[in-house]
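*Asks:* The following comprises the amino acid sequence and a computationally predicted model.
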Amino acid sequence: MIDLLIRGGRVLDPARGLDRRAHVLIDGGRVRGVVAPDEAPPARAAIDAAGLWVAPGLIDMHVHLREPGGEHKETIATGAAAAVAGGFTTVAAMANTNPVNDDPELTRWIIARAEAAGLARVLPIAAVTKGLAGETLTDFAALRAAGAVAFSDDGAPIMRREIMRAALAAGRQVDAAVIAHAEDRTLAGGGIVHAGPVAERLGLPGMPGVAESAMVERDCALAAAVGARLHIAHLSTAAAVAIVRAARAAGTRVTAEAAPHHFTLDAEAVAERGALAKMNPPLRTRADVAAVCAALADGTIDVIASDHAPHHADEKALGMAAAPFGVIGLETTLPLVLELVHAGVLDAATAIAALTVGPARALGIAAGTLAPDAVADVTLIDPDVAWTIDPTAFRSRSRNTPFAGRAVRGLAVAVCLAGRVVDHHLGGRYTR
Ligand code: NCD
Ligand code: ZN
(Lines give C-alpha, C1' and ligand atoms only; values in the text may rest on other atoms or scores of the structure.)
(Ligands and ions follow the chains in the order given, each with its own letter.)
Protein backbone atom coordinates (compact mmCIF):
# COMPACT_ATOMS: atom_id res chain seq x y z
CA MET A 1 0.00 0.00 0.00
CA ILE A 2 1.47 3.35 -1.02
CA ASP A 3 0.15 6.70 0.22
CA LEU A 4 -0.86 8.25 -3.08
CA LEU A 5 -1.20 7.18 -6.69
CA ILE A 6 -1.47 9.88 -9.38
CA ARG A 7 -3.02 7.86 -12.14
CA GLY A 8 -2.60 8.12 -15.90
CA GLY A 9 -1.56 11.75 -16.40
CA ARG A 10 0.89 13.18 -18.91
CA VAL A 11 4.01 13.11 -16.77
CA LEU A 12 6.38 15.92 -17.71
CA ASP A 13 9.75 15.79 -15.97
CA PRO A 14 12.13 17.79 -18.19
CA ALA A 15 15.06 17.21 -15.81
CA ARG A 16 14.99 13.60 -17.01
CA GLY A 17 13.65 14.16 -20.52
CA LEU A 18 10.41 12.45 -19.54
CA ASP A 19 7.12 13.16 -21.31
CA ARG A 20 4.69 10.25 -21.31
CA ARG A 21 1.47 8.88 -19.91
CA ALA A 22 2.28 7.19 -16.60
CA HIS A 23 1.39 6.78 -12.97
CA VAL A 24 3.31 8.65 -10.28
CA LEU A 25 3.78 6.74 -7.03
CA ILE A 26 4.15 8.66 -3.78
CA ASP A 27 4.88 7.28 -0.35
CA GLY A 28 6.35 8.70 2.82
CA GLY A 29 6.40 12.19 1.30
CA ARG A 30 8.66 11.14 -1.56
CA VAL A 31 8.31 10.07 -5.17
CA ARG A 32 8.71 6.29 -5.35
CA GLY A 33 8.56 5.99 -9.10
CA VAL A 34 6.98 6.87 -12.40
CA VAL A 35 5.58 3.66 -13.85
CA ALA A 36 3.71 2.43 -16.91
CA PRO A 37 -0.09 2.52 -16.61
CA ASP A 38 -0.41 -1.27 -16.14
CA GLU A 39 1.85 -1.37 -13.07
CA ALA A 40 -0.32 0.45 -10.52
CA PRO A 41 0.17 -0.75 -6.94
CA PRO A 42 -2.64 -0.43 -4.36
CA ALA A 43 -2.80 3.02 -2.74
CA ARG A 44 -4.54 4.68 0.19
CA ALA A 45 -5.50 7.66 -1.98
CA ALA A 46 -5.60 8.27 -5.69
CA ILE A 47 -5.94 11.11 -8.15
CA ASP A 48 -7.30 10.39 -11.60
CA ALA A 49 -4.99 12.53 -13.73
CA ALA A 50 -6.37 11.56 -17.14
CA GLY A 51 -6.08 14.62 -19.37
CA LEU A 52 -3.89 16.45 -16.85
CA TRP A 53 -0.21 17.29 -16.86
CA VAL A 54 1.70 15.96 -13.89
CA ALA A 55 4.79 18.10 -13.36
CA PRO A 56 7.37 18.58 -10.62
CA GLY A 57 6.16 21.25 -8.19
CA LEU A 58 6.61 24.59 -9.94
CA ILE A 59 9.30 26.95 -8.63
CA ASP A 60 9.06 30.74 -8.78
CA MET A 61 12.50 32.11 -7.99
CA HIS A 62 11.54 35.80 -7.97
CA VAL A 63 8.76 36.95 -5.63
CA HIS A 64 8.37 39.86 -3.22
CA LEU A 65 6.45 38.80 -0.12
CA ARG A 66 6.69 42.16 1.70
CA GLU A 67 7.01 40.72 5.20
CA PRO A 68 8.44 42.21 7.31
CA GLY A 69 7.39 45.82 6.82
CA GLY A 70 4.81 45.72 4.02
CA GLU A 71 2.16 43.42 5.43
CA HIS A 72 -0.64 45.58 3.99
CA LYS A 73 0.56 44.42 0.55
CA GLU A 74 1.40 40.75 1.26
CA THR A 75 2.62 38.51 4.04
CA ILE A 76 4.68 35.36 3.90
CA ALA A 77 1.48 33.39 4.61
CA THR A 78 -0.71 35.13 1.99
CA GLY A 79 2.12 34.94 -0.54
CA ALA A 80 2.61 31.25 0.14
CA ALA A 81 -1.14 30.70 -0.30
CA ALA A 82 -1.11 32.63 -3.59
CA ALA A 83 1.87 30.54 -4.69
CA VAL A 84 0.11 27.25 -4.07
CA ALA A 85 -3.07 28.54 -5.76
CA GLY A 86 -0.96 29.37 -8.81
CA GLY A 87 0.69 25.94 -8.86
CA PHE A 88 3.99 26.90 -7.18
CA THR A 89 5.32 24.65 -4.42
CA THR A 90 8.53 26.66 -3.95
CA VAL A 91 9.17 30.38 -4.14
CA ALA A 92 12.32 32.39 -3.52
CA ALA A 93 11.65 35.65 -1.70
CA MET A 94 13.59 38.80 -2.49
CA ALA A 95 15.38 40.75 0.22
CA ASN A 96 13.85 44.22 -0.34
CA THR A 97 11.65 44.05 2.72
CA ASN A 98 11.70 46.54 5.58
CA PRO A 99 14.03 45.86 7.28
CA VAL A 100 16.05 44.41 4.43
CA ASN A 101 17.00 40.74 4.67
CA ASP A 102 20.69 41.42 5.15
CA ASP A 103 20.83 39.70 8.54
CA PRO A 104 21.03 35.95 9.32
CA GLU A 105 18.54 36.42 12.17
CA LEU A 106 15.94 37.74 9.74
CA THR A 107 16.73 34.99 7.23
CA ARG A 108 15.98 32.39 9.91
CA TRP A 109 12.81 34.25 10.93
CA ILE A 110 11.51 34.20 7.33
CA ILE A 111 12.09 30.46 7.13
CA ALA A 112 10.26 29.92 10.43
CA ARG A 113 7.31 32.10 9.32
CA ALA A 114 7.05 30.16 6.09
CA GLU A 115 7.14 26.83 7.90
CA ALA A 116 4.36 28.03 10.19
CA ALA A 117 2.25 28.95 7.15
CA GLY A 118 2.71 25.38 5.91
CA LEU A 119 2.03 26.06 2.24
CA ALA A 120 4.60 26.77 -0.46
CA ARG A 121 8.24 26.46 0.59
CA VAL A 122 9.73 29.94 0.90
CA LEU A 123 13.46 30.17 0.26
CA PRO A 124 14.98 33.47 1.36
CA ILE A 125 17.24 35.39 -0.97
CA ALA A 126 19.57 37.55 1.10
CA ALA A 127 20.78 41.02 0.21
CA VAL A 128 24.13 41.48 -1.51
CA THR A 129 24.81 44.78 0.25
CA LYS A 130 23.72 46.13 3.61
CA GLY A 131 20.40 47.92 3.32
CA LEU A 132 20.52 47.39 -0.48
CA ALA A 133 22.66 50.52 -0.51
CA GLY A 134 25.18 49.06 -2.95
CA GLU A 135 28.19 49.85 -0.76
CA THR A 136 29.04 47.23 1.87
CA LEU A 137 28.77 43.49 1.25
CA THR A 138 26.67 41.45 3.65
CA ASP A 139 28.11 38.40 5.44
CA PHE A 140 27.55 35.84 2.68
CA ALA A 141 28.80 32.88 4.74
CA ALA A 142 26.56 33.63 7.72
CA LEU A 143 23.52 34.30 5.53
CA ARG A 144 24.14 31.12 3.55
CA ALA A 145 24.45 29.14 6.78
CA ALA A 146 21.16 30.69 7.96
CA GLY A 147 19.41 29.35 4.85
CA ALA A 148 19.75 31.98 2.12
CA VAL A 149 19.67 30.28 -1.29
CA ALA A 150 21.01 33.18 -3.33
CA PHE A 151 21.99 36.85 -3.05
CA SER A 152 20.33 39.85 -4.64
CA ASP A 153 19.75 43.57 -4.14
CA ASP A 154 16.73 43.24 -6.44
CA GLY A 155 14.77 46.44 -6.67
CA ALA A 156 18.07 48.30 -6.68
CA PRO A 157 21.02 47.84 -9.03
CA ILE A 158 24.58 47.48 -7.76
CA MET A 159 26.03 50.50 -9.49
CA ARG A 160 29.68 50.17 -8.46
CA ARG A 161 31.36 47.55 -10.59
CA GLU A 162 34.00 46.70 -7.98
CA ILE A 163 31.21 45.94 -5.51
CA MET A 164 29.51 43.66 -8.03
CA ARG A 165 32.83 41.95 -8.70
CA ALA A 166 33.34 41.36 -4.99
CA ALA A 167 29.77 40.09 -4.66
CA LEU A 168 30.31 37.53 -7.42
CA ALA A 169 33.52 36.39 -5.75
CA ALA A 170 31.72 36.06 -2.40
CA GLY A 171 28.91 34.14 -4.08
CA ARG A 172 31.45 31.79 -5.57
CA GLN A 173 32.94 31.19 -2.12
CA VAL A 174 29.58 29.98 -0.77
CA ASP A 175 28.48 28.38 -4.06
CA ALA A 176 25.45 30.61 -4.49
CA ALA A 177 24.26 32.68 -7.42
CA VAL A 178 24.18 36.46 -7.38
CA ILE A 179 20.94 37.67 -8.95
CA ALA A 180 21.28 40.94 -10.83
CA HIS A 181 18.61 43.59 -11.13
CA ALA A 182 20.25 44.95 -14.26
CA GLU A 183 19.55 48.65 -14.46
CA ASP A 184 22.13 51.34 -14.94
CA ARG A 185 20.52 54.18 -13.02
CA THR A 186 22.70 56.78 -14.73
CA LEU A 187 21.19 55.65 -18.04
CA ALA A 188 17.67 54.94 -16.73
CA GLY A 189 17.40 58.64 -16.04
CA GLY A 190 14.45 58.46 -13.71
CA GLY A 191 12.27 56.95 -16.45
CA ILE A 192 9.07 55.20 -15.51
CA VAL A 193 8.09 53.59 -18.84
CA HIS A 194 10.08 52.34 -21.81
CA ALA A 195 11.68 55.20 -23.74
CA GLY A 196 9.79 55.13 -27.04
CA PRO A 197 6.62 56.18 -28.83
CA VAL A 198 4.29 55.35 -25.92
CA ALA A 199 6.36 57.42 -23.48
CA GLU A 200 6.34 60.32 -25.93
CA ARG A 201 2.61 60.08 -26.61
CA LEU A 202 1.77 59.97 -22.91
CA GLY A 203 4.38 62.56 -22.00
CA LEU A 204 6.07 60.25 -19.48
CA PRO A 205 9.81 60.03 -18.76
CA GLY A 206 11.38 57.10 -20.59
CA MET A 207 13.80 54.41 -19.43
CA PRO A 208 15.88 53.26 -22.41
CA GLY A 209 16.62 49.60 -23.08
CA VAL A 210 20.35 50.23 -22.89
CA ALA A 211 19.99 50.86 -19.14
CA GLU A 212 19.37 47.12 -18.93
CA SER A 213 21.65 45.79 -21.65
CA ALA A 214 24.70 47.83 -20.59
CA MET A 215 24.39 46.38 -17.09
CA VAL A 216 23.86 42.83 -18.37
CA GLU A 217 27.01 43.22 -20.44
CA ARG A 218 29.00 44.44 -17.41
CA ASP A 219 27.74 41.66 -15.17
CA CYS A 220 28.36 38.88 -17.71
CA ALA A 221 31.91 40.13 -18.15
CA LEU A 222 32.45 40.19 -14.37
CA ALA A 223 30.95 36.72 -13.91
CA ALA A 224 33.21 35.35 -16.63
CA ALA A 225 36.27 36.95 -15.03
CA VAL A 226 35.43 35.68 -11.56
CA GLY A 227 34.11 32.28 -12.66
CA ALA A 228 31.00 32.88 -10.59
CA ARG A 229 27.33 32.00 -10.96
CA LEU A 230 25.29 34.95 -12.18
CA HIS A 231 21.52 35.01 -12.65
CA ILE A 232 19.88 37.91 -14.50
CA ALA A 233 16.44 38.80 -13.19
CA HIS A 234 13.53 39.94 -15.39
CA LEU A 235 15.27 40.17 -18.77
CA SER A 236 13.24 42.50 -20.99
CA THR A 237 15.20 43.66 -24.04
CA ALA A 238 16.38 42.07 -27.27
CA ALA A 239 19.83 43.60 -26.75
CA ALA A 240 20.25 42.03 -23.30
CA VAL A 241 18.99 38.67 -24.61
CA ALA A 242 21.70 38.75 -27.29
CA ILE A 243 24.37 39.45 -24.67
CA VAL A 244 23.24 36.54 -22.50
CA ARG A 245 23.13 34.24 -25.53
CA ALA A 246 26.71 35.14 -26.43
CA ALA A 247 27.93 34.84 -22.83
CA ARG A 248 26.43 31.37 -22.50
CA ALA A 249 27.94 30.31 -25.81
CA ALA A 250 31.30 31.45 -24.44
CA GLY A 251 30.86 29.29 -21.35
CA THR A 252 29.97 31.94 -18.75
CA ARG A 253 27.89 30.53 -15.90
CA VAL A 254 24.91 32.80 -16.44
CA THR A 255 21.25 31.91 -16.15
CA ALA A 256 18.42 34.28 -16.98
CA GLU A 257 14.76 34.74 -16.31
CA ALA A 258 11.79 36.35 -17.99
CA ALA A 259 8.55 37.43 -16.37
CA PRO A 260 5.17 36.78 -18.02
CA HIS A 261 4.40 40.48 -18.54
CA HIS A 262 7.56 40.79 -20.62
CA PHE A 263 6.61 37.95 -22.96
CA THR A 264 2.93 38.89 -23.32
CA LEU A 265 2.64 42.69 -23.20
CA ASP A 266 4.38 45.62 -24.84
CA ALA A 267 4.44 49.28 -23.86
CA GLU A 268 1.03 49.88 -25.46
CA ALA A 269 -0.51 48.21 -22.40
CA VAL A 270 0.54 51.25 -20.36
CA ALA A 271 -1.86 53.38 -22.39
CA GLU A 272 -4.70 50.99 -21.52
CA ARG A 273 -3.88 49.93 -17.97
CA GLY A 274 -1.98 52.88 -16.56
CA ALA A 275 -0.14 52.26 -13.30
CA LEU A 276 -1.27 48.61 -13.32
CA ALA A 277 1.17 48.20 -16.19
CA LYS A 278 3.99 50.08 -14.44
CA MET A 279 6.82 47.82 -13.45
CA ASN A 280 10.61 47.75 -13.52
CA PRO A 281 11.97 46.91 -16.04
CA PRO A 282 9.13 48.45 -18.03
CA LEU A 283 7.08 46.89 -20.79
CA ARG A 284 9.14 47.23 -23.95
CA THR A 285 8.57 47.02 -27.73
CA ARG A 286 6.97 44.25 -29.77
CA ALA A 287 10.43 43.35 -31.05
CA ASP A 288 11.66 42.96 -27.47
CA VAL A 289 8.68 40.70 -26.65
CA ALA A 290 9.50 38.58 -29.70
CA ALA A 291 13.16 38.34 -28.65
CA VAL A 292 12.21 37.23 -25.12
CA CYS A 293 9.90 34.56 -26.57
CA ALA A 294 12.61 33.33 -28.94
CA ALA A 295 15.09 33.18 -26.06
CA LEU A 296 12.66 31.10 -24.01
CA ALA A 297 12.21 28.75 -26.96
CA ASP A 298 15.95 28.27 -27.55
CA GLY A 299 16.86 28.03 -23.86
CA THR A 300 18.86 31.26 -23.62
CA ILE A 301 16.32 32.25 -20.99
CA ASP A 302 16.04 29.13 -18.86
CA VAL A 303 13.77 30.44 -16.08
CA ILE A 304 10.29 31.92 -15.99
CA ALA A 305 9.64 33.85 -12.78
CA SER A 306 6.69 36.05 -11.87
CA ASP A 307 8.50 38.99 -10.21
CA HIS A 308 5.35 38.97 -8.03
CA ALA A 309 5.46 42.54 -6.67
CA PRO A 310 2.37 43.29 -4.61
CA HIS A 311 1.32 46.87 -4.01
CA HIS A 312 -1.74 48.30 -2.30
CA ALA A 313 -4.58 49.68 -4.46
CA ASP A 314 -4.17 53.11 -2.84
CA GLU A 315 -0.52 53.22 -3.93
CA LYS A 316 -1.33 52.17 -7.48
CA ALA A 317 -4.09 54.82 -7.56
CA LEU A 318 -1.51 57.59 -7.13
CA GLY A 319 -1.15 57.80 -10.91
CA MET A 320 1.62 56.88 -13.34
CA ALA A 321 4.33 59.10 -11.92
CA ALA A 322 3.86 58.42 -8.21
CA ALA A 323 2.68 54.79 -8.17
CA PRO A 324 5.31 52.20 -7.22
CA PHE A 325 6.77 49.83 -9.81
CA GLY A 326 5.51 46.24 -9.83
CA VAL A 327 2.73 43.81 -10.66
CA ILE A 328 1.63 40.59 -8.99
CA GLY A 329 2.06 37.31 -10.83
CA LEU A 330 1.85 34.20 -8.69
CA GLU A 331 -1.73 33.40 -9.74
CA THR A 332 -1.40 34.34 -13.42
CA THR A 333 2.02 33.04 -14.44
CA LEU A 334 0.98 29.50 -15.33
CA PRO A 335 -1.91 30.42 -17.67
CA LEU A 336 0.27 33.08 -19.34
CA VAL A 337 3.01 30.50 -19.93
CA LEU A 338 0.37 28.15 -21.32
CA GLU A 339 -0.63 30.90 -23.80
CA LEU A 340 2.82 30.45 -25.34
CA VAL A 341 2.31 26.69 -25.45
CA HIS A 342 -1.14 26.98 -27.03
CA ALA A 343 0.28 29.46 -29.57
CA GLY A 344 3.07 27.03 -30.51
CA VAL A 345 5.83 29.36 -29.27
CA LEU A 346 6.99 26.89 -26.59
CA ASP A 347 6.51 23.16 -26.39
CA ALA A 348 5.15 21.77 -23.14
CA ALA A 349 8.50 20.36 -21.99
CA THR A 350 10.33 23.66 -22.52
CA ALA A 351 7.61 25.58 -20.69
CA ILE A 352 7.64 23.20 -17.73
CA ALA A 353 11.46 23.16 -17.68
CA ALA A 354 11.51 26.94 -17.23
CA LEU A 355 9.21 26.54 -14.22
CA THR A 356 10.99 23.58 -12.61
CA VAL A 357 14.47 22.35 -13.44
CA GLY A 358 15.52 25.76 -14.79
CA PRO A 359 15.04 27.65 -11.52
CA ALA A 360 16.23 24.63 -9.50
CA ARG A 361 19.55 24.74 -11.36
CA ALA A 362 19.83 28.52 -11.19
CA LEU A 363 19.40 28.34 -7.42
CA GLY A 364 21.33 25.07 -7.00
CA ILE A 365 18.53 23.43 -5.01
CA ALA A 366 17.47 19.79 -4.98
CA ALA A 367 13.98 20.26 -6.44
CA GLY A 368 12.23 20.48 -9.76
CA THR A 369 12.16 16.78 -10.66
CA LEU A 370 10.03 13.68 -10.11
CA ALA A 371 13.10 11.43 -9.92
CA PRO A 372 12.86 8.49 -7.49
CA ASP A 373 13.34 9.64 -3.85
CA ALA A 374 12.72 13.29 -4.69
CA VAL A 375 10.52 15.12 -2.20
CA ALA A 376 7.00 14.66 -3.58
CA ASP A 377 6.26 18.23 -4.64
CA VAL A 378 3.98 17.87 -7.64
CA THR A 379 1.81 20.24 -9.67
CA LEU A 380 -1.25 18.95 -11.50
CA ILE A 381 -2.21 21.11 -14.46
CA ASP A 382 -5.33 21.14 -16.59
CA PRO A 383 -3.80 22.71 -19.72
CA ASP A 384 -7.09 23.42 -21.49
CA VAL A 385 -9.75 24.68 -19.09
CA ALA A 386 -10.93 28.14 -20.13
CA TRP A 387 -11.33 30.89 -17.51
CA THR A 388 -11.07 34.64 -17.12
CA ILE A 389 -8.52 36.27 -14.83
CA ASP A 390 -10.36 37.84 -11.89
CA PRO A 391 -8.09 39.49 -9.31
CA THR A 392 -10.90 39.61 -6.75
CA ALA A 393 -10.60 35.81 -6.51
CA PHE A 394 -6.85 35.87 -5.78
CA ARG A 395 -5.36 34.56 -2.52
CA SER A 396 -2.78 37.30 -2.72
CA ARG A 397 -3.46 40.29 -0.52
CA SER A 398 -2.88 42.59 -3.52
CA ARG A 399 -4.75 43.04 -6.81
CA ASN A 400 -2.25 44.97 -8.94
CA THR A 401 -2.30 43.09 -12.22
CA PRO A 402 -2.66 44.34 -15.80
CA PHE A 403 -4.25 40.99 -16.74
CA ALA A 404 -7.71 41.41 -15.16
CA GLY A 405 -10.39 40.27 -17.59
CA ARG A 406 -7.99 38.36 -19.83
CA ALA A 407 -9.39 35.11 -21.21
CA VAL A 408 -6.89 32.30 -20.62
CA ARG A 409 -6.71 28.53 -20.85
CA GLY A 410 -5.16 26.26 -18.26
CA LEU A 411 -4.55 26.28 -14.52
CA ALA A 412 -3.12 24.32 -11.65
CA VAL A 413 -5.87 22.05 -10.31
CA ALA A 414 -3.86 20.89 -7.30
CA VAL A 415 -0.39 20.62 -5.85
CA CYS A 416 1.27 18.07 -3.60
CA LEU A 417 3.64 19.31 -0.91
CA ALA A 418 5.79 16.38 0.18
CA GLY A 419 2.88 14.17 -0.85
CA ARG A 420 0.20 16.23 0.93
CA VAL A 421 -2.53 17.13 -1.53
CA VAL A 422 -3.63 20.77 -1.59
CA ASP A 423 -6.70 20.53 -3.74
CA HIS A 424 -8.18 23.47 -5.57
CA HIS A 425 -10.18 22.03 -8.45
CA LEU A 426 -9.88 18.22 -8.36
CA GLY A 427 -13.53 17.46 -7.60
CA GLY A 428 -14.33 13.77 -8.12
CA ARG A 429 -10.84 13.02 -9.43
CA TYR A 430 -9.54 12.69 -5.86
CA THR A 431 -10.50 9.54 -3.93
CA ARG A 432 -9.29 8.65 -0.48
C1 NCD B 1 9.82 45.18 -7.51
C2 NCD B 1 9.21 45.51 -6.16
O3 NCD B 1 8.12 46.13 -6.14
O4 NCD B 1 9.75 45.11 -5.14
N5 NCD B 1 9.19 45.97 -8.50
C6 NCD B 1 9.16 45.75 -9.84
O7 NCD B 1 8.62 46.57 -10.57
N8 NCD B 1 9.68 44.68 -10.37
C9 NCD B 1 11.30 45.39 -7.46
C10 NCD B 1 12.04 44.77 -8.61
O11 NCD B 1 11.90 43.56 -8.90
O12 NCD B 1 12.84 45.45 -9.23
ZN1 ZN C 1 14.16 43.85 -10.02
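*Replies:* Now that the structure is in, tell me what you want to look at. Numbers count the residues shown, from 1 in each chain. Ligands and ions are numbered 1, 2, ... in the order given.
*Asks:* Stretch 254-268: end-to-end distance?
*Replies:* 31 Å (C-alpha to C-alpha, to the nearest Å).
*Asks:* Check the offset of it from the chain's centre.
*Replies:* Averaging C-alpha positions (C-alpha atoms, centre = their mean, to the nearest Å) puts stretch 254-268 11 Å from its chain's average.
*Asks:* Show me what counts as buried in that stretch.
*Replies:* Neighbour counts over stretch 254-268 (16 or more other C-beta atoms under 10 Å) mark 254-267 as buried. Yep, even glycine has a C-beta here, placed from its N, CA and C like the rest.
*Asks:* Need these in CSV (columns: distance to Arg160).
*Replies:* Compiled in CSV, those are given as follows (distance: C-beta to C-beta, whole Å):
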residue, distance to Arg160
Val254, 20
Thr255, 23
Ala256, 22
Glu257, 24
Ala258, 27
Ala259, 26
Pro260, 32
His261, 29
His262, 27
Phe263, 31
Thr264, 34
Leu265, 33
Asp266, 33
Ala267, 30
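*Asks:* Now intersect the residues you listed with the strands, please.
*Replies:* Members of the buried residues of stretch 254-268 lying in strands (criterion: DSSP state E): 254-258.
*Asks:* For the closest residue to ligand 1 within the stretch 101-250 of the chain, give its distance to Ala133.
*Replies:* Ligand 1 sits closest to Gly155 of the stretch 101-250 of the chain, with a gap of 3.8 Å, by C-beta to the nearest ligand atom. Using C-beta to C-beta, to the nearest Å, Gly155 is found at 12 Å from Ala133.
*Asks:* Give me the more crowded residue out of those two.
*Replies:* Per other C-beta atoms under 10 Å, whichever of Gly155 and Ala133 has more neighbours is Gly155, with 20 against 14.
*Asks:* check contacts around Met207.
*Replies:* Met207 makes contacts with 183, 188-189, 191-195, 280-282, as judged by C-beta atoms under 8 Å, 6 or more residues apart in numbering.
*Asks:* Grab the nearest non-local neighbour of the residue nearest to the spatial centre of the chain.
*Replies:* The structure's the chain has its C-alpha centroid closest to Ala305; by C-alpha atoms, centre = their mean the separation is 2.2 Å. Once flanking residues are discounted, Ala305 sits nearest to His62: 3.7 Å by C-beta to C-beta, 6 or more residues apart in numbering.
*Asks:* From what I see, that neighbour and Asp307 are in contact.
*Replies:* Yes. When contacts are counted by C-beta atoms under 8 Å, His62 is listed as touching Asp307 (5.0 Å).
*Asks:* Give me the common contacts of the two.
*Replies:* 233-234, 259.
*Asks:* What residues sit buried inside stretch 168-180?
*Replies:* Neighbour-count burial for stretch 168-180, with 16+ other C-beta under 10 Å as criterion, is recorded at 168-172, 176-180.
*Asks:* er, stretch 36-51 actually
*Replies:* For stretch 36-51, by 16+ other C-beta under 10 Å, it's 43, 46-49.
*Asks:* Ile25 reaches Arg44, doesn't it?
*Replies:* Let me fix one detail, which is that residue 25 is Leu and not Ile. No. Taking contacts as C-beta under 8 Å, Leu25 lies outside contact range of Arg44: 11.8 Å.
*Asks:* which non-adjacent residue is nearest Asp307?
*Replies:* Nearest to Asp307 is Ala259, by C-beta to C-beta, 6+ apart, at 4.3 Å.
*Asks:* Let me see the contact set for the one you found.
*Replies:* Counted by C-beta under 8 Å, 6+ apart, Ala259 has contacts 62, 234, 304-307, 329.
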